[in-house]
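*Asks:* I need the structure of the sequence given here:
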Amino acid sequence: MLGAGGFIGQALCARLGAAAVAVTRARGTLSAATDWARVLDGAEAVVHLANRAHAPAGTDAWIDAEAAMAAAVGRAARAAGVRLVYLSSIKVYGETSATPFRADDAPHPADAYGRAKLQSEEALAASGASVTIIRPPLVYGPGVKANFLALIRLVDRGLPLPFASIDNRRSFIFLDNLVDLIVAGIAPAHPGIYLARDDDEPSTPALIRLIATSLARPARLFACPPALLSGVARMLGQSGTAERLLGTLRLDDSATRQALGWRPKISLADGIALTCQWYRRGNPPIKSA
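*Replies:* Alright, predicted model coming up:
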């Protein structure tokens, strides 16, 4: 497993146990120059999770490096007859969806992260390896970081939030549900592109209410025109954050469920509750004055 030390990699290692050999990206040691034939020696399948979680500022040169490494992994996997599962992202399609994204929709990545994922996908396809590509939406669960953790913290503070008027829908996937899908894609080989999500696709206000309930905090939502929120975010240089809060991003994973016999075992509400329980263990409730 490449990228075993990350949020998803650690959960997948825990699920696979002794069957998994963990390979982590320590001090940049995983690259196109790595001896991938040696790394993959004896493997039956490889799960490639070793991509940057966030795009570094100032340059896109890292995208070519990620794709070159993917190509090298793919060539080594093909030579060894090893199946390959690559974790990509729904962001290869863009940031918003007028209708739910489907696996065969044309990619239109809107940021460097999405472009990097797409370029790595293309490099793997060109390598001739048998590749299962999974394009999930935002993954949440115990150990989550970045924007989802920031939203939990915001709700936990109990401050009024101006999101009551937002009428959108967002796809998410709970960590354990994604791990189930990765395992399903490992054996037997299922080459192709697969989308996956939890059953429910909440609006931003509905998601906040679920988080608030799980934290035993009030959901202090009030109405503010979304256009005003978008304008303020743009002035503050936070257009991307606003788009994720205000916009709709949905996906259709019916083909995945039919092909792999997969469906999410854990509901959105239960996944949020488990995530908030993890958060609460490290962040005791704030005492009322």
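
*Asks:* ok, which stretches of the stretch 151-289 of the chain are strands?
*Replies:* For the stretch 151-289 of the chain, the strands defined by DSSP state E, counting those that start in this stretch cover 172-174, 192-195.

*Asks:* Turn these into CSV, columns for distance to Asp41 and mean pLDDT.
*Replies:* Using the backbone N, CA and C atoms, a C-beta is placed for each residue, glycine as well. Below are those laid out as CSV (distance: least, C-beta to C-beta, whole Å; pLDDT from 0 to 100):
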stretch, distance to Asp41, mean pLDDT
strand 172-174, 32, 98
strand 192-195, 27, 96
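
*Asks:* Relative to Ala116, which of those strands is closest?
*Replies:* Ala116 sits nearest to strand 192-195 of all the strands of the stretch 151-289 of the chain, at 16.6 Å, using C-beta to C-beta.

*Asks:* follow-up on the earlier one: which of the strands of the stretch 151-289 of the chain is buried the deepest?
*Replies:* Here the criterion is mean neighbour count by mean count of other C-beta atoms under 10 Å, and of the strands of the stretch 151-289 of the chain the winner is strand 172-174, at a mean of 25.

*Asks:* sorry, back to before: now for the strands of the stretch 151-289 of the chain, which one comes closest to Ile272?
*Replies:* Among the strands of the stretch 151-289 of the chain, the nearest to Ile272 by C-beta to C-beta is strand 172-174 (8.4 Å).

*Asks:* For that closest one, name the packing helices and strands.
*Replies:* strand 138-140, helix 268-282 (3 or more C-beta pairs under 8 Å, 6 or more residues apart in numbering; DSSP states H and E).

*Asks:* lowest-pLDDT helix or strand in the protein?
*Replies:* helix 239-246 (a mean of 84; mean pLDDT, DSSP states H and E).

*Asks:* Show me what that one is packed against.
*Replies:* Using 3+ C-beta pairs under 8 Å, 6+ apart: helix 239-246 touches helix 226-235.

*Asks:* residue ranges with poor pLDDT in this protein?
*Replies:* 18-20, 24-28, 53-59, 286-289 (pLDDT under 70).

*Asks:* buried set for the longest helix anywhere in the chain?
*Replies:* If you go by DSSP state H, the chain has its longest helix at helix 61-80. Using 16 or more other C-beta atoms under 10 Å as the test for burial, helix 61-80 gives 63, 66-78, 80.

*Asks:* that older thread, nearest to Ser127, out of the strands of the stretch 151-289 of the chain?
*Replies:* Nearest of these (C-beta to C-beta): strand 192-195, 15.7 Å.

*Asks:* So what touches that closest one?
*Replies:* 90, 101-104, 132-136, 181, 185, 251-253, 255-256, 259-260 (C-beta atoms under 8 Å, 6 or more residues apart in numbering).

*Asks:* Show me where the stretch 51-200 of the chain has its helices.
*Replies:* 61-80, 112-126, 146-156, 175-186 (DSSP state H, counting those that start in this stretch).

*Asks:* Can you redo those helices as CSV, where the extra columns are distance to Ser214?
*Replies:* Listed next are the helices of the stretch 51-200 of the chain as CSV, based on distance: least, C-beta to C-beta, whole Å:
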stretch, distance to Ser214
helix 61-80, 35
helix 112-126, 28
helix 146-156, 9
helix 175-186, 15
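
*Asks:* Compare those and give me the one nearest Ala216.
*Replies:* helix 146-156 (9.8 Å).

*Asks:* Summarise which helices and strands that closest one is packed against.
*Replies:* Secondary elements touching helix 146-156 (3+ C-beta pairs under 8 Å, 6+ apart): strand 138-140, helix 204-215, helix 268-282.

*Asks:* got CSV for these, with distance to Ser239 too?
*Replies:* Shown next, in CSV, are those (distance: least, C-beta to C-beta, whole Å):
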stretch, distance to Ser239
strand 138-140, 18
helix 204-215, 16
helix 268-282, 26
